[in-house]
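J.: quick one, fold the following:
(2 chains)
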Amino acid sequence: MLSLVNGPQTNGNGRGFWLAFLAVLTMALIYPVFADSYDVGNFSYFLIWIFMALGLSLIWGYGGMLTFGQTFFFGIAGYGYGVLAIIMGGGTATIAALILSVFVAAFAAAVLGYFMIWGRISGMFFGIVTLAATLSLAFFLGQTAGPEWHIGGARLNGFNGMKGMDPLTVGEVYIEGTILYYVLIALILVTYLGLRMLVNSRIGNVIVAIREDPQRAEMLGYDVRKYQLLTFCIGSGLAGLSGALYTSWGQFITPSSIGLPAAAMPIIWVAFSGRSDLTATLVGSFLLLFGFQTITIYSQQAALVLMGALLLATVMMMPQGFIVGIAQAVGRRWQQLSGRKRSGNGSLQSGES
Amino acid sequence: MPLIDIKGVSKRFGGLTAVSGVDLSIDEGEIHCLIGPNGAGKSTLFKLIVGVYQPTVGSILFSNTDITGERSYARVQRGMSIKMQAPSVFKELPVRQNLDVALQQKQSGNDLTVERERLLQLLDLADDADKPAGALAHGQQQWLEIGMALALRPRLLLLDEPTAGMSPEETHRTGELIKSLNRDGMTVIVVEHDMAFVRQIAQRVTVLHLGRIFADGTLEHVVNDPRVAEIYLGKAHHG
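T.: You can find the predicted model right below:
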């Protein structure tokens, strides 16, 4: 089973890759020892979005379904966590709130996905419907400022957003700061390895086959709709995980995290990184989030313009994604160098003999 | 006993009737060719059998089970295997993985590996196993698709113009492969234009014309029917 972390659907399957992976993981684990708590908190914020990016990579890059709906499920689970954490009274119940809110997002994905996939909505119309869903939710939540908009004791608060929920808590311990950082690292590790195993499994074979030619896949006896729905639910559930963690991290959520600029962001991260590779998505999304946040300190408008320019550059210059492109170029160069080294050794040996 | 039984099937597209009142039974173990001039309704009938289209009227039975309303994947799970007219392989995936997607329906582990390697040898694609399927020549893509169809170990193999774009040598090899599969008990339905290929493989031939069955029987019977020569073979010879 563990052997599935390597396979045809993932770049980076060799010993060198896994050694580099361990080195990066080690650096990530010791980072809080050297960094101040503000930077650790910022890093946690970047890591929170990675689940959404990985989910989009699965749905779009591997499954071939372009969705703008990641923020829809992010919002459902984000607001869901807020409502449940307040209703359930905080404390350790927040863990149940997190799990339940992710399930609610995945269930919403099952319902929306069922009507779209069974209704034969595909291609750009899939993107349009999911975008409409996220915009509708953002507009709906934006007009919930009145006191009548509440679920139990949880007020939705319109554009000002929800607040007052506890962060994730176990017993007396709040999962914040450095603890949250380590929890996020662990969750990303599990998600990343789990997704690698999924895409390299028999199910993953079918998912990419459907992306290539759905009719051919059906002619091999696969009910294409069920595989597409499964892909959509898992990817959207991961967006939900980002949403619930985001609300727990900041103890607030507003409709702007679901609106149009927010909906475009995951598309840019994943397109720039290389949508059909999980590792590229993980690395590229983190770098973009880091860059975006750094530029936002000086000018949010400039950061948004840069994101748009990056998307344009990706589409025109490297449609498979910059991180994937750079990784492939480095890989080719590495092979050339090691090939030269081998042939050099060979001629030396033959000269000696 | 018929393996596939088509009863009074018609298919209309708006005002156009592509297939009209077709009754056709195909026995288990037969190689059955569907021929006819362009626009005769061969490919439409093929798509009705495989479930791409649903008949406007009529029913289709597979092994005495009504499959008229079933989607293609369910028919494949019952034991059909399909190769459509245009080569349709997973172009960005390696040849090996194309076969795996098909093979994993019936096998796993070492059995799958052994069967994949056997098919790669049979299809003469062993040297190209790691290439993306889209990089193969047209004829090789046709072979790969036939290999994917065989990987399902079907009771009924349906091939729509399997030799389109193949060289004469490749066409002959395809014919020999079909005959060998048939000797092992597989039923085969082939839609084909190439009469030399039909002569090589056919045990029974159905001629379609204007969406109806025009003639049906052994190849000799059909070839010697002057009406058939007029509507199809004559045109082919003169063409």
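J.: for B:Ala215, pull up the helix or strand it's in.
T.: strand B:212-217 (DSSP states H and E).
J.: tell me which other helices or strands that strand touches.
T.: strand B:16-27, strand B:204-209, helix B:219-223, helix B:226-228 (3 or more C-beta pairs under 8 Å, 6 or more residues apart in numbering or on different chains; DSSP states H and E). For every residue, glycine as well, the C-beta is placed using N, CA and C.
J.: near chain A, which residues of chain B? Just list them.
T.: B:50, B:52, B:71-74, B:76-77, B:82, B:84, B:88-94, B:97, B:100-102, B:104-105, B:108, B:148, B:152 (C-beta under 8 Å from any C-beta of the partner chain).
J.: could you rerun that using 7 Å?
T.: Within chain B, the positions near chain A by C-beta under 7 Å from any C-beta of the partner chain are B:72-73, B:76-77, B:82, B:84, B:88-94, B:97, B:100-102, B:104-105, B:148, B:152.
J.: show me which of these are buried.
T.: With burial judged by 16 or more other C-beta atoms under 10 Å in any protein chain shown, the buried subset of those is B:72-73, B:76, B:82, B:84, B:88-91, B:93-94, B:97, B:100-102, B:104-105, B:148, B:152.
J.: elements contacting the strand or helix carrying A:Thr26?
T.: Assigned by DSSP H and E, A:Thr26 belongs to helix A:15-34. When contacts are defined as 3 or more C-beta pairs under 7 Å, 6 or more residues apart in numbering or on different chains; DSSP states H and E, helix A:15-34 sits against helix A:177-199.
J.: how far does the helix it packs on sit from the chain's center?
T.: Between the centre of helix A:177-199 and the centre of its chain there are 11 Å (C-alpha atoms, centre = their mean, to the nearest Å).
J.: what's the angle from it to helix A:15-34?
T.: Between helix A:177-199 and helix A:15-34, the angle comes out at 160 degrees (axes from the mean of the first three to the mean of the last three C-alpha atoms, to 10 degrees).
J.: C-alpha coordinates for helix A:177-199, PDB please?
T.: Listed next in PDB are the C-alpha coordinates belonging to helix A:177-199 (Å, rounded to 0.1, in the frame of the first residue of the first chain):
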ATOM      1  CA  GLY A 177       0.700  29.400  17.500                       C
ATOM      2  CA  THR A 178       3.400  26.800  17.400                       C
ATOM      3  CA  ILE A 179       1.000  23.900  18.300                       C
ATOM      4  CA  LEU A 180      -1.200  24.900  15.300                       C
ATOM      5  CA  TYR A 181       1.800  25.100  13.100                       C
ATOM      6  CA  TYR A 182       2.800  21.500  14.000                       C
ATOM      7  CA  VAL A 183      -0.800  20.300  13.600                       C
ATOM      8  CA  LEU A 184      -0.800  21.800  10.100                       C
ATOM      9  CA  ILE A 185       2.500  20.200   9.100                       C
ATOM     10  CA  ALA A 186       1.100  16.900  10.300                       C
ATOM     11  CA  LEU A 187      -2.200  17.300   8.400                       C
ATOM     12  CA  ILE A 188      -0.400  18.400   5.200                       C
ATOM     13  CA  LEU A 189       2.000  15.400   5.400                       C
ATOM     14  CA  VAL A 190      -1.000  13.000   5.800                       C
ATOM     15  CA  THR A 191      -3.000  14.800   3.000                       C
ATOM     16  CA  TYR A 192      -0.100  15.000   0.600                       C
ATOM     17  CA  LEU A 193       1.000  11.300   1.100                       C
ATOM     18  CA  GLY A 194      -2.600  10.200   1.000                       C
ATOM     19  CA  LEU A 195      -3.300  12.000  -2.200                       C
ATOM     20  CA  ARG A 196      -0.100  10.600  -3.800                       C
ATOM     21  CA  MET A 197      -1.400   7.100  -2.900                       C
ATOM     22  CA  LEU A 198      -4.800   7.900  -4.300                       C
ATOM     23  CA  VAL A 199      -3.600   9.100  -7.600                       C
END
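J.: skip the chain neighbours and tell me the closest residue to A:Gly325.
T.: Leaving out its chain neighbours, the residue that sits closest to A:Gly325 by C-beta to C-beta, 6 or more residues apart in numbering or on different chains is A:Met318, at 4.5 Å.
J.: and for the one you found, the neighbour number?
T.: Using other C-beta atoms under 10 Å in any protein chain shown, A:Met318 is surrounded by 16 other residues.
J.: let's see the pLDDT reported for it.
T.: pLDDT recorded at A:Met318 is 87.
J.: gap between it and chain B?
T.: 17 Å (C-beta to the nearest C-beta, to the nearest Å).
J.: might one say that that residue is in contact with A:Val324?
T.: No - A:Met318 lies out of contact with A:Val324 (C-beta atoms under 7 Å); the separation is 8.0 Å.
J.: about what we covered before: and for the strand holding B:Ala215, what's in contact with it?
T.: Contact with strand B:212-217 is made by B:20-22, B:24, B:204-208, B:222, B:225, B:228, B:231, as judged by C-beta atoms under 7 Å, 6 or more residues apart in numbering or on different chains.
J.: what does stretch A:206-219 give?
T.: For stretch A:206-219, the external contacting residues (C-beta under 7 Å, 6+ apart) are A:9, A:62-64, A:199, A:222, A:224, A:227-228, A:231, B:72-73, B:76, B:82, B:84, B:88-93, B:101.
J.: among these, which are in helices?
T.: Counting by DSSP state H, the part of the contacts of stretch A:206-219 found in helices is A:199, A:224, A:227-228, A:231, B:72-73, B:76, B:101.
J.: where's the residue lying closest to A:Ile48 once chain neighbours are set aside, which helix or strand?
T.: Closest residue to A:Ile48 apart from its sequence neighbours, by C-beta to C-beta, 6+ apart: A:Leu245 at 4.8 Å. A:Leu245 belongs to helix A:224-250 when assigned by DSSP H and E.
J.: pLDDT on the next helix or strand after that helix, on average?
T.: Using DSSP H and E, the helix or strand that follows helix A:224-250 towards the C-terminus is strand A:252-253. The average pLDDT for strand A:252-253 rounds to 95.
J.: and if you look at stretch B:47-59?
T.: On average, stretch B:47-59 scores 94.
J.: my read: A:Phe46 touches A:Phe286, true?
T.: Yes - using C-beta under 7 Å, A:Phe46 and A:Phe286 qualify as a contacting pair, with a distance of 5.8 Å.
J.: got the residues of the stretch 1-150 of chain A near chain B?
T.: By the criterion of C-beta under 7 Å from any C-beta, the positions of the stretch 1-150 of chain A lying close to chain B are A:Pro8.
J.: from the contact counts, what lies against the helix holding A:Leu245?
T.: Under the contact criterion of 3+ C-beta pairs under 7 Å, 6+ apart, helix A:224-250 touches helix A:37-56, helix A:70-87, helix A:93-118, helix A:202-212, helix A:214-219.
J.: quick check: buried residues in the second one?
T.: Applying a neighbour-count criterion of 16+ other C-beta under 10 Å, the buried positions in helix A:70-87 are A:70-86.
J.: number of nearby residues for the closest residue in space to B:Ser108 that isn't next to it in sequence?
T.: Computed as C-beta to C-beta, 6+ apart, the closest residue to B:Ser108 that is not its neighbour in sequence is A:Arg202, at 7.7 Å. Residues near A:Arg202, counting by other C-beta under 10 Å, number 14.
J.: in the stretch 251-353 of chain A, what residue is nearest chain B?
T.: Residue nearest to chain B within the stretch 251-353 of chain A: A:Ser276 (9.0 Å; C-beta to the nearest C-beta).
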